[in-house]
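A.B. asks: what's the 3D shape of this:
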Amino acid sequence: MSLRDEESFELRQEKLARLRNRGVDPYPPRFRRTHTSATATDAFVEWEKAGASGDSPSVTVAGRMTAQRDMGKAAFVDLRDGSGKMQVYLKSDVLGEKAYAGLRDLDLGDFLGVRGLLFRTRAGEITVEAAEYTLLAKSLQPLPEKWHGLVDTETRYRQRYLDLIANDDVRRLFALRSAIINAIRRFMVGHGFMEVETPVLMPEAGGAAANPFVIHHQALDRDLFLRIAMELHLKRLIVGGYDKVFEIGRIFRNEGISTKHNPEFTMMESYEAYADYQDVAAMVEDLVSSVALQTMGTTLVPFEDGTIDLSPPWRRVTVYDALQEYAGVDLEHYRRDEAGLRALVRNMGVETAPDAGWAKLVDELLSAAVEPKLIQPTFLMDYPAPLSPLAKRKPDNPDLVERFEPFAGGLEMGNAYTELNDPIDQRQRFLEQARRKAAGEQEVEMLDEDFLLALEHGMPPCGGLGIGIDRLVMLLSGKRSIREVILFPQLRSK
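C.D. replies: Reported below is the predicted structural model:
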């Protein structure tokens with residue numbers, strides 16, 4: 001479908017001109033409706049239950065015209081609003097010949113307002129018998145050819161408004177997304193967390209190992225970065241004395257586009273003083289299962305030919321044990337052997353960047369050989385320290401850090417750890433990242449002197465969490481592409 005149907009555009013412009021010549025404003029500034037489709041239906045049902053005495057309810061409704069059935073001196077049209085569909089019955093002898101003849105200049109896609117009494121047709125459908133109608137917005141482009149089933153993926157993503165007009169299930173999906181975000185917010189506030197806001201424009205893009213987007217601030221004449229994480233500013237708030245904070249917002253990473261990745265996505269990050277990663281893991285189980293119950297009515301989510309059970313407790317398995325179990329790799333054997341690990345990864349057919357260091361090789365191995373097999377909810381725990389420069393080392397094994405990632409349906413849904421609060425260790429880790437970047441690695445943590453200064457003022461033990469809301473929506477809705485759950489995904493140029 002082209003961006004503009006020129007033939008239909010010209011025909012509809014002719015109708016627009018006729019309307020204006022008759023003194024009809026095709027784009028009036030306001031219209032007062034008394035009911036939505038849903039509340040009008042409810043009002044009629046209540047009237048019937050009360051005995052249907054006296055006149056039926058009088059309503060004023062409005063919506064987009066999505067169907068029209070002409071019958072000579074009468075017509076039925078369907079109006080759709082945000083709550084559903086309402087059928088309207090228009091009769092020449094009620095509206096008058098002039099107003100009824102004006103229906104010829106209306107098209108599917110136009111917005112109408114209608115006032116009239118409700119009744120039930122012989123087919124049993126609750127309907128408005130129009131006493132008058134008002135054109136609210138003339139549509140100059142037709143609805144998708146089959147408005148009830150737009151399936152072209154390219155059109156659906158590039159012209160999401162058509163997708164929403166055409167597909168009820170898409171509207172329901174994004175209503176579900178909104179409900180999921182609201183449920184997350186209620187959960188966090190209910191557990192004593194304070195919602196805050198932190199900067200999107202950053203002098204240093206820290207808190208994750210990712211390539212940032214670079215922008216230029218004209219007034220300051222300096223380059224800034226779009227944030228790749230909220231972490232470092234949220235931890236500054238823990239330094240400042242808040243015990244529990246969280247933020248829901250957009251993150252920007254200058255990375256590839258895939259079914260699992262979009263350059264901008266939505267995260268919920270939280271930080272809790274005096275908690276560790278085990279406490280956070282327990283909270284994640286509770287959070288996800290609670291959100292599922294509130295929005296889906298169940299913790300059982302269909303997945304392929306089976307079911308994912310989100311109810312706690314979730315399985316916990318270490319990175320080392322998972323590599324042994326799912327890939328037959330003893331990572332301990334390669335702990336000091338980057339060349340050997342590189343050869344192993346290559347022999348297993350896992351693609352890696354030529355500049356990938358030991359930590360990146362482990363990450364790629366996990367992504368290829370372990371993560372797709374984690375179908376039931378699983379916490380992948382205790383990562384090698386080089387993979388996690390912001391996480392606290394395990395006291396009994398300083399080569400590992402207290403970190404986990406939650407998985408379900410083969411999808412990584414987040415990242416969490418006991419936060420590193422030793423400013424000396426943190427500086428050394430940042431410097432190691434800088435050395436890796438100088439050696440050619442691209443996705444490394446950036447040193448943030450102001451954050452280190454904050455840590456030097458003291459941060460209590462802290463458990464941090466980042467949950468990808470897009471991934472969570474994918475899991476709960478059964479979608480396999482992130483583009484399905486983002487209203488306006490980034491797309492390649494046509």
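
A.B. asks: low-confidence stretches in this structure?
C.D. replies: Scanning the chain for pLDDT under 70 picks out the ranges 1-4, 145-149.

A.B. asks: okay, now the domains of it?
C.D. replies: If you go by automatic domain parsing, the domain ranges for the chain are 6-143, 166-314+376-484.

A.B. asks: end-to-end on the shortest one?
C.D. replies: End-to-end span of domain 6-143 (CA to CA, to the nearest Å): 13 Å.

A.B. asks: repeat for stretch 83-100
C.D. replies: Across stretch 83-100, first to last residue, CA to CA, it's 27 Å.

A.B. asks: ok, now stretch 100-118?
C.D. replies: By CA to CA, the extent of stretch 100-118 from end to end equals 19 Å.

A.B. asks: now do that stretch: distance to the chain's middle.
C.D. replies: Distance of stretch 100-118 from the chain centroid (CA atoms, centre = their mean, to the nearest Å) equals 36 Å.

A.B. asks: so which bits of it are buried?
C.D. replies: Within stretch 100-118, the residues scored as buried using 16 or more other CB atoms under 10 Å are 100, 102-103, 105-107, 109-116, 118. Placement of C-beta: from N, CA and C, glycine included.

A.B. asks: for the residue lying closest to Leu390 once chain neighbours are set aside, what are its contacts?
C.D. replies: Leaving aside its sequence neighbours, Leu390 sits nearest to Leu420 (CB to CB, 6 or more residues apart in numbering; 5.6 Å). Residues near Leu420 by CB atoms under 8 Å, 6 or more residues apart in numbering: Pro389, Leu390, Ala391, Lys392, Arg393, Gln426, Arg429.

A.B. asks: so how far is Gly63 from Leu420?
C.D. replies: In this view, Leu420 and Gly63 are 55 Å apart by CB to CB, to the nearest Å.

A.B. asks: before we move on, what about Asp163?
C.D. replies: According to CB to CB, Asp163 and Gly63 sit 18 Å apart.

A.B. asks: does Tyr274 touch Pro460 like I think?
C.D. replies: Yes: taking CB atoms under 8 Å as the definition, Tyr274 is a contact partner of Pro460 at 6.0 Å.

A.B. asks: which residues are in contact with His261?
C.D. replies: His261 neighbours (CB under 8 Å, 6+ apart): Glu255, Ile482.

A.B. asks: and it, helix, strand or coil?
C.D. replies: coil (DSSP: H, G, I helix; E, B strand; the rest coil).

A.B. asks: what helices or strands is the lengthiest helix in the chain leaning on?
C.D. replies: In the chain, taking DSSP state H as the definition, the longest helix is helix 168-190. Applying 3 or more CB pairs under 8 Å, 6 or more residues apart in numbering; DSSP states H and E, one finds that helix 168-190 contacts helix 160-166, strand 194-195, strand 244-252, strand 264-273, helix 277-296, helix 469-477.

A.B. asks: recalculate using a threshold of 6 Å.
C.D. replies: Identification of packing neighbours for helix 168-190 by 3 or more CB pairs under 6 Å, 6 or more residues apart in numbering; DSSP states H and E yields helix 160-166, helix 277-296, helix 469-477.

A.B. asks: format these as TSV; extra columns: distance to Glu132 and mean neighbour count.
C.D. replies: Formatted as TSV, these follow (distance: least, CB to CB, whole Å; neighbours: other CB atoms under 10 Å):
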stretch	distance to Glu132	mean neighbour count
helix 160-166	26	18
helix 277-296	40	20
helix 469-477	41	23
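
A.B. asks: which stretch among the ones you listed approaches Arg253 most closely?
C.D. replies: Of all the helices and strands packed on helix 168-190, it is helix 469-477 that lies closest to Arg253, at 12.5 Å by CB to CB.

A.B. asks: for the closest one, name the packing helices and strands.
C.D. replies: By 3+ CB pairs under 6 Å, 6+ apart, helix 469-477 packs against helix 168-190, strand 264-273.

A.B. asks: sort out which residues of stretch 402-422 are buried, please.
C.D. replies: Here stretch 402-422 shows 402-421 as buried, counting by 16+ other CB under 10 Å.

A.B. asks: cool, and stretch 371-390?
C.D. replies: So stretch 371-390, judged by 16+ other CB under 10 Å, has buried residues 371, 374-375, 377-390.

A.B. asks: if we can go back for a sec, save the helices and strands packed on helix 168-190 as JSON lines, and put in distance to Gln442 too.
C.D. replies: Below are the helices and strands packed on helix 168-190 laid out as JSON lines (distance: least, CB to CB, whole Å):
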{"stretch": "helix 160-166", "distance to Gln442": "32"}
{"stretch": "helix 277-296", "distance to Gln442": "27"}
{"stretch": "helix 469-477", "distance to Gln442": "23"}
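
A.B. asks: excluding its backbone neighbours, what's nearest Phe407?
C.D. replies: In space, and not counting its chain neighbours, Phe407 is closest to Leu374: 3.8 Å by CB to CB, 6+ apart.
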